[in-house]
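**Q** 3D, please:
(chains A, B, C and D)
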2 protein chains.
Amino acid sequence: MAQDPAGLLRLLWLVAHEHAVSRMDLARVLGLPQSTVSVRTQALISAGVLVEAGEGSSAGGRRPKLLSVHAGFGHVWAADVGSRHVRIGALDIAGNLLHVTERPLDINREPAQVVAAFADTVREVAAEARCPGRQLGIGVAFPGPVDVGAGTITLPSRMPGWRGFAVRDALREHFDLPVAVDNDANLQALGESVAGPPGRTLLVVKAGTGIGSGLVVTGRLYRGRAGVAGDISHVRVPAAGDRPCTCGNRGCLETVASGAALVAQLREQGVDVGSTAQVMATAEDGHPDATTAVRRAGLQLGEVLATVVNFGNPDEVLLGGALSGSEAFVAAVRGALYERCLPLATRELRIDRVRFGPDAGLYGAGALVLDEVFDEAIRSGR
Amino acid sequence: MAQDPAGLLRLLWLVAHEHAVSRMDLARVLGLPQSTVSVRTQALISAGVLVEAGEGSSAGGRRPKLLSVHAGFGHVWAADVGSRHVRIGALDIAGNLLHVTERPLDINREPAQVVAAFADTVREVAAEARCPGRQLGIGVAFPGPVDVGAGTITLPSRMPGWRGFAVRDALREHFDLPVAVDNDANLQALGESVAGPPGRTLLVVKAGTGIGSGLVVTGRLYRGRAGVAGDISHVRVPAAGDRPCTCGNRGCLETVASGAALVAQLREQGVDVGSTAQVMATAEDGHPDATTAVRRAGLQLGEVLATVVNFGNPDEVLLGGALSGSEAFVAAVRGALYERCLPLATRELRIDRVRFGPDAGLYGAGALVLDEVFDEAIRSGR
DNA sequence: GACAGTTACATCAGGCATGAAGTAAGTAGG
DNA sequence: CCTACTTACTTCATGCCTGATGTAACTGTC
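**A** Next up, the predicted model:
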């Protein structure tokens, strides 16, 4: 391993958000020796990513040299591909989101065509947005397992026809830039991890139309043997009875707690909803059936997560995706976890929605490319 | 981190078991560059742990210098503390078990007294066994969560009165040697990990009187935030209904799938069993109630493990503890896993009993100390 | 028996992280 | 203004791992 994963990125993030403003601060916050921080900082300064901007005030000793991020260095594009839409954003090199939009994108077509349409969309958005500096890279989150090494889609349950498709190469043909791809839940986890304290173990559950999850173990994104780690959607839950699931089994969590399942359930009950978003809107409007359904989904998810939390003993459980927009959903998950977990496991466990809400995937996708970009910048700038 | 965890140990293991006999072999098997292996090997040779013993046969080039472990260098003692007994063994520096016995040990007394009694027992066994070389250290596995950093017992559900007890220090007062302590399931996992290929992710479940599990993620023992990672015994399973559990909750896996639960169940049915061992013996004798009960325990465990396997995507699931002695139990776990997991997760998953059966904990405890011992030996021998 | 080809191992230089020591630049108190 | 103490940052020597290169030793062939 070259160095700490997301190390430089985290450093920049801390500087940009004024959690750390001097080299000493960074050493303290990162838990690294001052010498190491000094060297890395110097490298980033000569790469033109960081700049020294004046001096801070003294507290009885030498004044710290204030660091700040050179935002003009450039920006990256990040995209979170959903079932029908794609969310596109630009992030500066500190990982700040500069700009977001959502555009329609139909992924149920020939992958190459979808990629081409996507590329056009990104270029349109980029032309409108006029972000500072040059484009440094592009990161894309997909709603399904991705083989990150090969840059291909592994098991596209929500993307028929994409099995084994070499997305990364396809994207590279449209953009002459570093391209990084990964699963959406993984990237949400990565984004949260970079923004939080280092070395933690956290679990991000993306509950949208489907259910996915991403896992960061002691500061490192864990993808598992087959790249499908974090799958909890096909765990059997008693409440799901014998409902058939797309995976071929019966009684899976996904058949009761996913957005798709809620749509189906509510339609059975005569509530006219066509999408996960509509379910959430209906629940927000106070429709009792919808609210109850969302709450029940949270309880089911919480039951399953209890196993995982007892087992994996993470520092944080973070909820993302459309369902996490509902306070009732979050509360239900919390309740189930506190009820079913060992006190020792939940004692200092943080259970919350993802810090960046619907943009969580973008932050992660940005982080993934930025990491590559900095590695490259430092390697060449020497 | 100083270097690869259990790196030297694994190297010695490979040499001792003739999976690798030359430096080249080691490089291949360990996936390390030859230069690195060369350096480490040299260090171990000058520390007196490895020796060169003649040359191998050529296959068209220079003959390899054959390596072998200098068994006379010494040995360590390892112990696996159970509810009523302690299993004690000696391991040579290659991690081979030289000697095993089981002695009674009542842990339901004052911790300091138990440690004293234990120390006496170890000395007795050591006097009888007369192992080659000098004693290099002692490793002990405890049946409950251990704070490895502090060397204390965390949550002694099976060891009343031990909460927070500083076992490691207590042991060090009796033995003037390096002492290492950890949870028993963790150590079984460590032992299996060292003996297997490097960098794997594996889960060891110890199903004995209680249920515990140990987790090795990409070659590293993962202990979790509170040091209680791997707890699956208090997951709610439907079949457990409302049975109260020692944890204060209801319907836990432990109330139906642990050895203690089987004893209780069978007694209700009028079968006269007093311990987990007797349950297993009764089942082995073909008693239908006992066999059914063991099999059912396996199914319940398998259901829970399915969640964990889907989620964590390990390379291996290994079963230890008394229940794993039953073929029916292992088969039941396998069946449940294959039925409930995603094909992608079980496709290359190995499900088996622990390689070392009842000695698994000893191998791990040995590995834990040996790692310290070698680090020390190399640091000083330079 | 010289030469090519192979295999095994050693050595070295470079990269990276880091503990320790050194330097720089302030405050506070007499 | 001089001394003592703080704080901030640099520099250096060291240790570890590793890719590249060099050396040793053997087989087989013409």
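
**Q** A:Arg353 and A:Val263, how far apart?
**A** Distance, A:Arg353 to A:Val263, by Cβ to Cβ, to the nearest Å: 21 Å. C-beta coordinates here come from the backbone N, C-alpha and C atoms, glycine included.

**Q** counting contacts, what elements does the helix or strand harbouring A:Glu128 pack onto?
**A** Using DSSP states H and E, A:Glu128 sits in helix A:111-129. Contacts defined by 3 or more Cβ pairs under 8 Å, 6 or more residues apart in numbering or on different chains; DSSP states H and E place helix A:111-129 against strand A:74-81, strand A:85-92, strand A:97-104, helix A:167-174.

**Q** average pLDDT across it?
**A** For helix A:111-129, the mean per-residue pLDDT is 94.

**Q** And stretch A:258-276, by the same measure?
**A** Averaged across stretch A:258-276, pLDDT comes to 93.

**Q** Find the residue closest to A:Phe165 in space, skipping its chain neighbours.
**A** Nearest residue to A:Phe165, sequence neighbours excluded (Cβ to Cβ, 6 or more residues apart in numbering or on different chains): A:Pro111, at 4.4 Å.

**Q** hmm, back to that, what angle do the helix holding A:Glu128 and strand A:74-81 make?
**A** Counting by axes from the mean of the first three to the mean of the last three Cα atoms, to 10 degrees, helix A:111-129 lies at 130 degrees to strand A:74-81.

**Q** Give me the contact list for whatever helix or strand comes next after helix A:111-129.
**A** Per DSSP H and E, the first helix or strand lying C-terminal to helix A:111-129 is strand A:134-142. For strand A:134-142, contacts defined as Cβ atoms under 8 Å, 6 or more residues apart in numbering or on different chains pick out A:73-81, A:93, A:122, A:126, A:153, A:159, A:167, A:171, A:175, A:177-184, A:186-188, A:361-362, A:364-370, A:372-373.

**Q** And the next helix or strand past strand A:134-142?
**A** Using DSSP H and E, the helix or strand that follows strand A:134-142 in sequence is strand A:146-147.

**Q** That following strand pairs with which strands, and in what direction?
**A** Looking at strand A:146-147 with DSSP bridges, its partner strands are strand A:152-153 (antiparallel).

**Q** and A:Leu136, how far is that from DNA strand D?
**A** Look at A:Leu136 and DNA strand D: by Cβ to the nearest atom of the strand, to the nearest Å, they are 25 Å apart.

**Q** next one: A:Pro288
**A** Counting by Cβ to the nearest atom of the strand, the gap from A:Pro288 to DNA strand D is 57 Å.

**Q** Setting aside sequence neighbours, what's the nearest residue to A:Thr255?
**A** The nearest residue in space to A:Thr255 (Cβ to Cβ, 6+ apart) is A:Arg243, at 4.0 Å.

**Q** wait, is A:Gly191 part of a helix?
**A** Yes - under DSSP: H, G, I helix; E, B strand; the rest coil, A:Gly191 falls within a helix.

**Q** Please work out how many residues are found near it.
**A** For A:Gly191, the neighbour count with other Cβ atoms under 10 Å in any protein chain shown is 33.

**Q** all helices of chain A, in order?
**A** Per DSSP state H, chain A carries helices over the ranges A:7-16, A:23-30, A:34-46, A:111-129, A:167-174, A:184-195, A:254-257, A:259-268, A:276-284, A:288-312, A:327-340, A:343-346, A:360-380.

**Q** Switch those over to CSV; also include distance to B:Ala281.
**A** What follows is those, written out as CSV (distance: least, Cβ to Cβ, whole Å):
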stretch, distance to B:Ala281
helix A:7-16, 56
helix A:23-30, 56
helix A:34-46, 59
helix A:111-129, 59
helix A:167-174, 57
helix A:184-195, 47
helix A:254-257, 43
helix A:259-268, 47
helix A:276-284, 55
helix A:288-312, 31
helix A:327-340, 35
helix A:343-346, 34
helix A:360-380, 54
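
**Q** can you tell me which of the ones you listed comes nearest to B:Gly210?
**A** helix A:288-312 (14.1 Å; Cβ to Cβ).

**Q** Residue numbers of chain A in contact with DNA strand D?
**A** Within chain A, the positions near DNA strand D by Cβ under 7 Å from any atom of the strand are A:22-25, A:34-35, A:38-39, A:41-42, A:58-65.

**Q** Mind doing that once more with 10 Å?
**A** Residues of chain A found near DNA strand D (Cβ under 10 Å from any atom of the strand) are A:1, A:20-28, A:33-42, A:45, A:52, A:55-67.

**Q** Just the buried subset of these, please.
**A** A:20-27, A:37, A:40-41, A:64, A:66-67 (16 or more other Cβ atoms under 10 Å in any protein chain shown).

**Q** Of these, which is the nearest to A:Val237?
**A** Set against A:Val237, the nearest of these by Cβ to Cβ is A:Ala20 (43.4 Å).

**Q** Provide a list of residues in contact with the closest one.
**A** Listed by Cβ under 8 Å, 6+ apart, the contact set of A:Ala20 reads A:14, A:26, A:28-30.

**Q** nearest spatial neighbour of it, skipping sequence neighbours?
**A** Among residues not flanking A:Ala20 along the chain, A:Leu14 sits closest, at 4.1 Å (Cβ to Cβ, 6+ apart).

**Q** can you list the residues of the stretch 51-200 of chain A near chain B?
**A** Neighbours of chain B within the stretch 51-200 of chain A, by Cβ under 8 Å from any Cβ of the partner chain: A:145, A:154-155.

**Q** Actually, the stretch 251-382 of chain A.
**A** For the stretch 251-382 of chain A, the residues in contact with chain B (Cβ under 8 Å from any Cβ) are A:303-304, A:306-308, A:310-315, A:339-342, A:344-345, A:347-348.

**Q** again, 10 Å this time
**A** Residues of the stretch 251-382 of chain A lying near chain B by Cβ under 10 Å from any Cβ of the partner chain: A:251-253, A:303-316, A:336, A:339-349.

**Q** In ChimeraX, how would I select just the buried ones from those?
**A** Buried residues among those (16+ other Cβ under 10 Å), as a ChimeraX selection:
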select /A:251,252,253,303,304,305,306,307,308,309,310,311,312,313,314,315,316,336,340,341,342,344,345,346,349
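
**Q** when you check DNA strand C, which of the residues of the stretch 251-382 of chain A next to chain B turn up near it?
**A** Here nothing survives when these are matched to DNA strand C using Cβ under 10 Å from any atom of the strand.

**Q** if we can go back for a sec, so the helix holding A:Glu128 versus strand A:97-104, what angle?
**A** Counting by the same axes, to 10 degrees, helix A:111-129 lies at 130 degrees to strand A:97-104.

**Q** Fine by me, thanks again.
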